[in-house]
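K.L.:
this one's structure only:
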DNA sequence: CGGTTCATTGAAACCAATCAACGGATGTGG
DNA sequence: CCACATCCGTTGATTGGTTTCAATGAACCG
């Protein structure tokens, strides 16, 4: 067990679960949360078919979730950054339906779900927040649906960049320059593209002067053009 | 206001919300539910940006949900059949994020969400069921993600047919022969394909002897082949 | 009964996948 | 510590599945 940070001391509390709980009730939440040891890059937090017992809030690092098809190929279903909650797809089946793997060294807070349900019975705002979180997950899946169903490869990549940027900003970090925690393979897989396509688009965005890319480090130079790329065809 | 069917008398109760509530508590749920007038084909149940006040259970007919992109084009995000619940994507924002439109004459039960939340505080199984419902929604979105990102047009259409079949079976209806409530346009839109592609695939499935199609009436003649089409390439 | 939506089919064009090859980074074990 | 394997990322050439464009008939509706 690592250091016993409480939610009170955690810098993520304004963007994480505590935002749904009154300060006076925060230690009730705090008491059910279990801070696990750090996961190394490539380690699994949970696997499909593991018994569902908890949801997880990312404290540091990044994870991806993925499912395996019957044929055994991987579908990356999401990326999770600090302050974000994952594992909520297992609730209905008592088993996780996806796998969660650390993209880099990561720490997570484990929130036993049955205890969370009990606590939610007493803290309406917590219940509401969890409904909200799941509702948000559904909504972003709908946006992804649109992306995969209607948008071309350029739009998809641009959209991912914008999303990562927004999520950095949410934590008070730079929305201009940041490091992508995932590989090109993961990006391609998530967006339903071939790796080569993603690579080519990064290169092209850079040639257009919209982006600076160096491996996984990216710097957004022309946000408007990128946004335009993933909505209107008009840019500049 | 139409006839005052109570959940007790509703034939859908084994597949709808009541399945989460003990018989003794059923009228507590029943009392907060509002049975609306029938919607005509093409009528909206709610629109994006409408204030979010309730979720809805389909009692008869069918609806689709869709979002409009910035450019104004439509993305169908789901189809809803009797016993299924829609509208849960508005929880986090106090506004609906999608539009819901009747595909044919439909009736729905309106469940005011704030009352549902209060009731969930007292009926743990109801709270759990709602978490489950949303969790299921997330899971099926993940499957759709895989479908759109990895599968070809044939697999997508086959998958939709299998899904519709399963949902009919769940209500105790024939899983072999049924009527699709939605147009080819809606199918194509939902699956990220062109209408022409969907049409061609229906024709091809029929030529293969896997399916009988006559307008919106379909009969599944060779389920294994269709399933094979949307997972293993092996068919027979 | 004209107008609109819906469905089907054919031909051509195009976007992204696939195949192929390469350099660099990473990591491991002798 | 270096040799070797593996993973990661990039670029080029070719292929192919789907879209797009075009045209037609059927069904539906006011």
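P.N.:
Noted; the coordinates are in hand. The shown structure was predicted, so the numbers you read here are calculated from the model rather than taken from an experiment.

K.L.:
what's the spacing between residue A:57 and DNA strand D?
P.N.:
25 Å (Cβ to the nearest atom of the strand, to the nearest Å). Using the backbone N, CA and C atoms, a C-beta is placed for each residue, glycine as well.

K.L.:
which stretch of helix or strand covers that residue?
P.N.:
When elements are assigned from DSSP states H and E, residue A:57 belongs to strand A:54-60.

K.L.:
tell me the strands beside that strand, with direction?
P.N.:
Sheet pairing of strand A:54-60 (DSSP bridges) gives strand A:85-86 (antiparallel), strand A:107-112 (antiparallel).

K.L.:
residue A:226 is nearest to which of those?
P.N.:
In terms of Cβ to Cβ, the element of those nearest to residue A:226 is strand A:85-86, at 26.3 Å.

K.L.:
sheet partners, orientation included, of the following helix or strand past the closest one?
P.N.:
With elements assigned by DSSP H and E, the helix or strand that comes after strand A:85-86 is strand A:99-102. Counting by DSSP bridges, the strands paired with strand A:99-102 are strand A:44-46 (antiparallel), strand A:63-68 (antiparallel).

K.L.:
distance to DNA strand D added to the strands paired with strand A:54-60, as JSON lines?
P.N.:
Formatted as JSON lines, the entries for the strands paired with strand A:54-60 read as follows, by distance: least, Cβ to the nearest atom of the strand, whole Å:
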{"stretch": "strand A:85-86", "distance to DNA strand D": "20"}
{"stretch": "strand A:107-112", "distance to DNA strand D": "21"}
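
K.L.:
and these as TSV, adding mean neighbour count and mean pLDDT?
P.N.:
Listed next are those as TSV, based on neighbours: other Cβ atoms under 10 Å in any protein chain shown; pLDDT from 0 to 100:
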stretch	mean neighbour count	mean pLDDT
strand A:85-86	22	96
strand A:107-112	20	95
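
K.L.:
dump these to TSV, plus distance to residue B:88.
P.N.:
Compiled in TSV, those are given as follows (distance: least, Cβ to Cβ, whole Å):
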stretch	distance to residue B:88
strand A:85-86	17
strand A:107-112	21
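
K.L.:
for residue A:167, find the nearest of those strands.
P.N.:
In this view, the strands paired with strand A:54-60 are compared for proximity to residue A:167 by Cβ to Cβ, and strand A:85-86 is the closest at 12.9 Å.

K.L.:
quick one: distance of the strand holding residue A:57 to the chain centre.
P.N.:
Relative to its chain's centre, strand A:54-60 lies at 10 Å (Cα atoms, centre = their mean, to the nearest Å).

K.L.:
buried sites along it?
P.N.:
Residues of strand A:54-60 classed as buried: A:54-59 (neighbour count, 16 or more other Cβ atoms under 10 Å in any protein chain shown).

K.L.:
need the winner for burial among the strands paired with strand A:99-102.
P.N.:
strand A:63-68 (a mean of 21; mean count of other Cβ atoms under 10 Å in any protein chain shown).

K.L.:
contacting residues around that one?
P.N.:
Contacts of strand A:63-68 with the rest of the structure, by Cβ atoms under 8 Å, 6 or more residues apart in numbering or on different chains, involve A:39, A:45, A:48, A:74-80, A:86, A:97-103, A:106, A:108, A:182, A:186, A:189, B:142, B:146.

K.L.:
export the strands paired with strand A:99-102 to CSV and tack on mean pLDDT and distance to residue B:93?
P.N.:
What follows is the strands paired with strand A:99-102, written out as CSV (pLDDT from 0 to 100; distance: least, Cβ to Cβ, whole Å):
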stretch, mean pLDDT, distance to residue B:93
strand A:44-46, 94, 29
strand A:63-68, 95, 24
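
K.L.:
out of the ones you listed, the one nearest residue A:115 is which?
P.N.:
Closest among the strands paired with strand A:99-102, once you apply Cβ to Cβ, is strand A:44-46, at 17.1 Å.

K.L.:
close enough to count as contact, residue A:134 and residue B:131?
P.N.:
Yes: using Cβ atoms under 8 Å, residue A:134 is in contact with residue B:131, at 7.2 Å.

K.L.:
which one's more surrounded, those two?
P.N.:
Each of residue A:134 and residue B:131 has its neighbours counted (other Cβ atoms under 10 Å in any protein chain shown); residue A:134 has more, 26 against 22.
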